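> fold the following, please.
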Amino acid sequence: MTELWKQHMRPYSHFLDQIRLAGLRPTRQRLALAKLLFSGENRHVTAESLHGEAQAEKMRVSLATVYNTLHQFTSTGLLREIVVDAQRSYFDTNTGDHHHFYFEENGMLTDISDDMMSLTKVPAAPEGMAIKSVDIVVRVVEKTQ
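Residues are numbered from 1 along each chain as shown. Below is the predicted model:
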């Protein structure tokens with residue numbers, strides 16, 4: 001790595017470490033997307049919305065690269081994928097156990113706070129299987145009068 005590249009990457013050192021710890025090669029595109037994903041509060045993004053953010057920041061990255069990176073980050077535990085229907089997945093930067101509201105009219109996904117939800121009974125896993133997690137997506141629409 002050249003000295004100029006190292007100086008350019010110093011502000012990204014946290015993301016560089018995260019990507020390396022996940023076992024991925026820290027390419028420029030992965031670093032740039034990690035910066036967009038992990039620089040602020042926890043968030044829910046689609047590949048299309050993240051691609052739009054990247055384009056707005058003048059990043060040269062294809063939608064296919066965004067999809068691949070999101071799936072790589074998910075497979076290494078940096079992100080959590082929330083599938084809301086056959087055509088739409090969100091990627092959540094909060095990888096801890098929690099549940100979601102999905103607003104069908106505008107496609108927004110938000111966290112449900114822990115104090116709003118409790119599970120009293122979870123079924124036993126089928127023989128030979130273990131429960132990895134429980135993901136609940138509560139779909140909401142506006143009330144009609």
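> use CA for all of it now, contacts and neighbours both
OK.
> in the protein, where is pLDDT below threshold?
1-13, 145 (pLDDT under 70).
> would you map the strands across it?
For the chain, the strands defined by DSSP state E cover 44-45, 80-85, 88-92, 99-103, 108-112, 137-140.
> now do the third one against strand 108-112, angle only.
Spelled out, that is strand 88-92. 50 degrees (axes from the mean of the first three to the mean of the last three C-alpha atoms, to 10 degrees).
> ok, the longest one next?
Computed by the same axes, to 10 degrees, the angle separating strand 80-85 from strand 108-112 equals 120 degrees.
> return the list of strands paired to strand 80-85, each annotated with direction.
strand 88-92 (antiparallel) (DSSP bridges).
> just the residues contacting the partner strand, thanks.
42-47, 70, 74, 79-84, 109 (C-alpha atoms under 8 Å, 6 or more residues apart in numbering).
> the closest residue to residue 47 other than its chain neighbours - how many residues pack around it?
Once flanking residues are discounted, residue 47 sits nearest to residue 67: 5.6 Å by C-alpha to C-alpha, 6 or more residues apart in numbering. Neighbourhood size, residue 67 [other C-alpha atoms under 10 Å]: 16.
> same check on residue 35?
There are 16 residues near residue 35, going by other C-alpha under 10 Å.
> and what of residue 135?
Neighbours of residue 135 (other C-alpha under 10 Å): 12.
> show me what the lengthiest helix in the chain is packed against.
When the chain is parsed with DSSP state H, its longest helix is helix 63-75. Packed against helix 63-75, as judged by 3 or more C-alpha pairs under 8 Å, 6 or more residues apart in numbering; DSSP states H and E, are the following elements: helix 28-38, helix 47-56.
> sort out which residues of the shortest one are buried, please.
Neighbour counts over helix 47-56 (16 or more other C-alpha atoms under 10 Å) mark 47, 50-51, 54 as buried.
> any chance of JSON lines for those, columns distance to residue 116?
Below are the buried residues of helix 47-56 laid out as JSON lines (distance: C-alpha to C-alpha, whole Å):
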{"residue": "47", "distance to residue 116": "29"}
{"residue": "50", "distance to residue 116": "29"}
{"residue": "51", "distance to residue 116": "33"}
{"residue": "54", "distance to residue 116": "34"}
